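> generate a structure from the sequence data that follows.
(4 chains)
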Amino acid sequence: MQNKHKYTVNVNETEYVIQFLDSPGEVLVNGERVRFDLQLETPPDHYSLLADNKSYLLAIDGNDSPGNYRIHMMGYDYEAEVVSAREAYLRDFVRAAGVGKSEGVVKAPMPGKIVKLHVNEGDDVAKNKGIMVMEAMKMENEIRSPIAGKVSRFHVQSGDTVEKGQILFEISSK
Amino acid sequence: MQNKHKYTVNVNETEYVIQFLDSPGEVLVNGERVRFDLQLETPPDHYSLLADNKSYLLAIDGNDSPGNYRIHMMGYDYEAEVVSAREAYLRDFVRAAGVGKSEGVVKAPMPGKIVKLHVNEGDDVAKNKGIMVMEAMKMENEIRSPIAGKVSRFHVQSGDTVEKGQILFEISSK
Amino acid sequence: MFNKVLIANRGEIAVRVIRACREMGVKSVAVYSEVDRTSLHVLLADEAYPIGPAPASESYLVAEKIIDVAKRSGAEAIHPGYGFLSENAHFARAVRGADLTWIGPPPDAIATMGSKTEARSIMMKAGVPVVPGTPEGIRDLDEATRYAEEIGYPVLIKAAMGGGGKGMRVVHEPSELKESLDSARRESESAFSSPIVFLEKYLEKPRHIEFQVFADNHGNIIHLGERECSIQRRHQKVVEEAPSPLMTPELREEMGRSAVEAARACGYQNAGTVEFLVDQNRNHYFLEMNTRLQVEHPVTEMVTGLDLVRLQLLIASGEKLPYSQEDIKLNGHAIEMRIYSEDSMENFLPSTGKIRYLKPPDGFGIREDAGIREGDSISIFYDPMISKLVAWGQDREIAIRRMRRALMEYRITGVRTTIPFGIFVMENAAFREGNFDTSFVQEEFDVERLVERSKEREMMVALAAAWHHKQGQSISSNNHSESTTQPGINGMQSGWRKIGRKANLR
Amino acid sequence: MFNKVLIANRGEIAVRVIRACREMGVKSVAVYSEVDRTSLHVLLADEAYPIGPAPASESYLVAEKIIDVAKRSGAEAIHPGYGFLSENAHFARAVRGADLTWIGPPPDAIATMGSKTEARSIMMKAGVPVVPGTPEGIRDLDEATRYAEEIGYPVLIKAAMGGGGKGMRVVHEPSELKESLDSARRESESAFSSPIVFLEKYLEKPRHIEFQVFADNHGNIIHLGERECSIQRRHQKVVEEAPSPLMTPELREEMGRSAVEAARACGYQNAGTVEFLVDQNRNHYFLEMNTRLQVEHPVTEMVTGLDLVRLQLLIASGEKLPYSQEDIKLNGHAIEMRIYSEDSMENFLPSTGKIRYLKPPDGFGIREDAGIREGDSISIFYDPMISKLVAWGQDREIAIRRMRRALMEYRITGVRTTIPFGIFVMENAAFREGNFDTSFVQEEFDVERLVERSKEREMMVALAAAWHHKQGQSISSNNHSESTTQPGINGMQSGWRKIGRKANLR
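Numbering: from 1, shown residues only, chains lettered A, B, ... in the order given. Model (predicted):
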């Protein structure tokens, strides 16, 4: 077993530092020592965790990108991003080098049909501004802008049928 | 798909002849044409069978020996022995050659402890005669002779702890 | 009683009807579209027949195919379930025209009640109170503007043929009227093949309370008490209960009488539901009548002990109602939570994908009506309801605690569900006090509260996530495309999420 | 109410208690042996502590370990479930001695009722009718012979400390006495660490009917009606129901009074069950009192609506009984089927193995109390009960049909179960008419009838088997050793099977 591994885990936007110790079954959570026993459960990716004898049942329910896990625990859903100490160091280095403007693409959350576009290419939009209306499962859903920025390009037009994950539009921050 | 395959299937001691036809989805059951659609279900070895639009849900729940299947269907358990036409031919040939006396071993149906032997090695026993008492799960269970014959050898003695499947005794028919 | 009944539906309601048939010794015939070959209703029925491609318009909505299967299979009656063709008077007539029994109300009653405008005018004649509104469908924006001024804002635009909240818009001020009207019409056209909408006074913070009625073919009509259905998102029910925490014996008698009158006024037979809005002064207004079994019928079954599908079959086969109004006693309290494949944390965005693991809770007072199984996919073709979880308790407090316990035990992976929302509701003070109305989701629900604020639990999630990451154990890498529902912008997920939450609050 | 309760048990009953705790806002503490680390009760509890190796004698039966965990975890009370230490007066005393609350009756009442001979004499004093028999344990064969002659054959040998049918033998004639006595003593010694047995008149074809009683710490005692438990194999219950089809309001009142008197006579507190035999003239005889929750308590819960574990906790924490006898109303009918890992077709031979697939039925009126999950193993260490399936119906007929439907839907592979037997019972004419007694299995059950005689179904099995064979699809080849239960002789399986069936008939 590889020990002394240290991880930074962001759970629902709060950071926790997890450090596994040499002695098996021991871990530091934010510096506090916890005895734990984590057993893989019958369905894959389900775990039974006993931590200082408290019992938790959880399932890793998706893996959006490396280190990003969606986790289900006793009725609640969590997003956890795990970064090892080494990865964190690299990330800080890159950040320090300065990467300013962010941009990205917004994808269709499910298959459906584009009913209407509210703005034009090149428009500046506020955060949360409705960009287009998509009909899916017989309901109309508003697709909104995740950031304040400029709609740099539409990949669809009104009347298009789109697949899940298909790019709807590109947006760049100002 | 390999067609024109003919099988003799013994289900709960009744024989059925199954012949798959060239046209997919058609089969002769005891000579009668049946349209069927057999779909593997999500848990492995579970099937949804539609036969002339009647719906059956079944699971292959064990495979005692080649061609011998234990099958569960809607609350009932079945034993099915499948013999292909070729296998049946061979078997008949062997039978014709004459193999008389049968003998075999009786194994422990579950882990337990032998409490008592009722007979001695070499004793002739009637069918269904109690041979020994085995304690398992805090209950005493009588182990009986499956055939009329002679107990040729004991592999256990009173007080022994036995594993499931361990040979208890050998018996030969007269 | 019938020997064989065809169920013109799929999912949990088809399973529900098949079970009632089996318990009555009646053979059941399922129909299925191409994607439903191994769906639960096909596995459990006595017989099953294919009726075409996945889109409902080519299978479950094609009356001729279904009637053809009924004739070929020798079924004597058709149970439509809810949704699909269940409130289609043409279909009901065609069924009867093919010498089959329609397990539902007379086609004329369906037609009358299917038109909300017609239903309103019949109710007014029968002396059942209705919400003020336009007598007929609206022709154009001008007319809408005129009526809205007359009734006074806020007004509600509703599809005349509508149901399930589709084609419905609240308009708070004149400037919103045009866009809402256009959008409601589009949705109504798409969902009900009719762009006709009408206007109604929008009652502020009403409660949605409905009465289950049963009428036999011999003129007897009773009600089985009410269901409280005020907890809705997108005008669709998500948590229902019986009895209503608002109810008094007097109000039940009064509203029950209205419900029975409503059924009588349209010559009703078989099971139906009369929906009312109840305002803050406990005045009730007829809203609409659903001429079929409701999704939420189990809560009525749990408190009356009666099997409503069984009753439907008895009545359709010509028997008299075996109970009079005095026989109906309510026992305890039942709550239903609809488990939808929707992300509670993302404004109830429908989530498609494959159910990777499914283990519903069990034990005392818990009833689960599942429509799908582990390994099934939630497709875009049909309703994203996974199951209905019902908790019964001696009293409302016990039922709430039991439901919360069950939701916490519910194990499902592969899609996001309404379970976290359900737990939120069970823990919400207004809900626990019975002090809520149809504005509950807008007023009380803050998606931020779904983010469990227990540091202890977050630490445990962090621990497990780190361990999982460290071991390099990972679910199949194609899960990303298969099961995510979150509209993501590269590297900006949490930003988007925040917005999703805020948007939900308006 | 307590803040934290330790459950000194495993399996479904531990899960049952944990759920009641959660619904009451009480923290639950589980204990587990080495093989139970991921058992359901550990997964669902708030806390869990290891207590040793798999054999119960080194874990679940070690009083000190359990009390130590209670103290370390800060639990204030211990719930023993049923079995294990639940009827161990020493343990109950030790719990109290450690300043913990014992969720059960006073240790003295356990001790008194634990000795069947002592219980009999107290009941006689209290005027509760008992079956004629020996006043004390039997010393030797001579004494047994003398008593048997006196009482008259057939006689029943019973373990003084016994329960669950262990150490019990019916003796029809003097020649059988010695072997039965020896064997009963061995079994009693092994199961209860006591070889003491006694003799009772063996009532021919009695019904086994028991009353649920509840006594608080303030002198109030009520009963919650009866349970009919006559369907037994090996003197162990397998199908139970409430109410009993035999019962009349008058007989219920009379027997209920006996049950309450029995509880009063031994200074009882908390939940208990008074078991009676009822002969063909409807005379009832005290059989024994079980000083704990029963396996079959759910049928009482289903017809009274009361959560019995909740009531146990309330009473143990010192509250008064919240109900008087008049408050207890029976509603509908409930049947419980114990799903054991036993082969119905092989004389109920216990079957060990891994549960490969498990999908219990659901829907209206169905309650499942599962103790294990898919992937779990049925080991030799503990009781082979998989779950308790309960069907509730408005009346007995509906409950029976519902249970049959549910059993047919129950999907489990990996072990053989009592499900085929359950279907047999639900379809049996004597059972359906309510006309049966404890000889049901001997008199009515013919294992040949479990072999479905429908040619049509056999053909379908043949078709599927041939297809499966043809495709060469096969479950993992090591299943043979993992999950077979059948004592097989090479190539002679069907011969053996036949014998198994015949043997069962005697």
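
> next, the contact list for C:Asp395, please.
Shown here is C:Asp395, whose contacts under the criterion CB atoms under 8 Å, 6 or more residues apart in numbering or on different chains are C:332-333. Where C-beta positions appear, they are placed from N, C-alpha and C, glycine not excepted.

> how much space between it and C:Lys125?
Spatial separation of C:Asp395 from C:Lys125 under the definition CB to CB, to the nearest Å is 40 Å.

> tell me how many other residues crowd the residue in chain A positioned nearest to chain D.
Scanning chain A for the residue nearest chain D gives A:Thr42, at 3.0 Å (criterion: CB to the nearest CB). A total of 14 residues lie near A:Thr42 under the criterion other CB atoms under 10 Å in any protein chain shown.

> wait, isn't it in contact with D:Glu374?
Yes. Taking CB atoms under 8 Å as the contact criterion, A:Thr42 and D:Glu374 are neighbours in contact, 6.3 Å apart.

> now for the two: what residues contact both?
Shared contacts of A:Thr42 and D:Glu374, counting by CB under 8 Å, 6+ apart, come down to nothing at all.

> outside of stretch A:11-25, which residues touch it?
Contacts for stretch A:11-25 (CB under 8 Å, 6+ apart): A:1, A:3-10, A:26-31, A:33, A:35-37, A:78-80, C:451-452, C:455, C:458-459, C:461-463, C:465-467, C:470, C:494.

> let's see it at 7 Å
Outside stretch A:11-25, the residues within contact range by CB atoms under 7 Å, 6 or more residues apart in numbering or on different chains are A:1, A:3-9, A:27-30, A:35-37, A:78-80, C:451, C:458-459, C:461-463, C:466, C:494.

> and what of stretch C:266-274?
Counting contacts by CB under 7 Å, 6+ apart, the residues touching stretch C:266-274 from outside are C:103-106, C:108-109, C:112-113, C:122, C:210-217, C:259, C:262-263, C:286, C:289-291, C:293-294, C:308, C:311-312, C:315-316.

> just the buried ones from those residues, in ChimeraX syntax?
With 16 or more other CB atoms under 10 Å in any protein chain shown as the criterion, this ChimeraX line picks the buried residues out of the contacts of stretch C:266-274:
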select /C:103,104,105,106,109,112,113,122,210,211,212,213,214,215,216,259,262,263,286,289,290,291,293,294,308,311,312,315,316
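
> out of the contacts of stretch C:266-274, which sit inside helices?
In helices, judged by DSSP state H, the following of these are found: C:108-109, C:112-113, C:122, C:259, C:262-263, C:308, C:311-312, C:315-316.

> got those residues as TSV, with distance to C:Pro206 columns?
As requested, the ones in helices among the contacts of stretch C:266-274 are arranged in TSV below (distance: CB to CB, whole Å):
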residue	distance to C:Pro206
C:Asp108	30
C:Ala109	26
C:Thr112	24
C:Met113	20
C:Ile122	22
C:Ala259	17
C:Ala262	18
C:Ala263	22
C:Leu308	26
C:Leu311	29
C:Gln312	29
C:Ile315	31
C:Ala316	34
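
> now, which of those lie close to chain D?
The overlap between the ones in helices among the contacts of stretch C:266-274 and the neighbours of chain D (CB under 7 Å from any CB of the partner chain) is empty.

> which SSE is the residue of chain A most remote from its centre in?
No residue in chain A has its C-alpha farther from the mean C-alpha position than A:Ser23, which lies at 32.1 Å (CA atoms, centre = their mean). A:Ser23 is part of no helix or strand when elements are defined by DSSP states H and E.

> show me the shaky parts of chain A.
When the per-residue scores of chain A are filtered using pLDDT under 70, the ranges that remain are A:1-4, A:86, A:89-103, A:137-139, A:174.

> pick out the residue of it closest to chain B.
For chain A and chain B, the shortest gap (CB to the nearest CB) falls at A:Pro43, measuring 12.0 Å.

> ok, that residue - contacts?
With the criterion set at CB under 7 Å, 6+ apart, A:Pro43 makes contact with C:Tyr357.

> now with 10 Å?
A:Pro43 makes contact with A:59, C:356-359, C:374, C:411, C:413, D:373-375 under the criterion CB atoms under 10 Å, 6 or more residues apart in numbering or on different chains.

> which SS state does it fall under?
With DSSP: H, G, I helix; E, B strand; the rest coil as the basis, A:Pro43 sits in coil.

> just C:Lys71 next, same as before
In terms of secondary structure, C:Lys71 is helix; the call rests on three-state DSSP.

> excluding its backbone neighbours, what's nearest C:Gly414?
Taking CB to CB, 6 or more residues apart in numbering or on different chains, and ignoring the residues beside it in sequence, C:Gly414 has C:Arg356 as its nearest neighbour in space, at 3.6 Å.
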